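Asks: Could you look at this predicted model? Sequence included:
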Amino acid sequence: MVKRVVSTVTLLLIVLACGAARAGDAHTMTKEQLLPMLGKPDVIIIDVRTNYDWDKSKEKIKGAVREEGTKFNSWMKKYPKDKTIVLYCA
């Protein structure tokens, strides 16, 4: 279980490459920084992997919301600005 969580969290580190290109104030974090945030109500985790990558993956973060990364500008507006938003992709 811990190995799966660590592997999954590693995917989150890639977020920053995905999200930073779209958000000027994106920050990076380590898996150690993210682990204690999982499941907290003020954190929204968004899976923006392609359909292909999402379908073939056996590792998904419990509670993550699935959004299409290429439509970032349309769906990002629906998330509260007072929450910590973590994007991840492959």
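Replies: Thanks, I have the structure now. Numbering: from 1, shown residues only.
Asks: what's the neighbour count on the closest residue in space to residue 65 that isn't next to it in sequence?
Replies: Counting by C-beta to C-beta, 6 or more residues apart in numbering, residue 65 lies nearest to residue 46, which is 5.1 Å off, once chain neighbours are set aside. Backbone N, C-alpha and C define where each C-beta goes, glycine included. Neighbours of residue 46 under the rule other C-beta atoms under 10 Å: 22.
Asks: Begin at 47, not 1, for the rest of this chat.
Replies: Yep, numbering from 47; the last one is residue 92 now.
Asks: What strands line up against the strand or helix carrying residue 92, and which way round?
Replies: Residue 92 is part of strand 89-93, with elements assigned from DSSP states H and E. Each strand that pairs with strand 89-93, with its direction, by DSSP bridges: strand 111-112 (parallel), strand 130-134 (parallel).
Asks: which residues are contacting it?
Replies: Around strand 89-93, the neighbours that count as contacts under C-beta atoms under 8 Å, 6 or more residues apart in numbering are 58, 83-84, 100, 106-107, 109-113, 125-126, 129-135.
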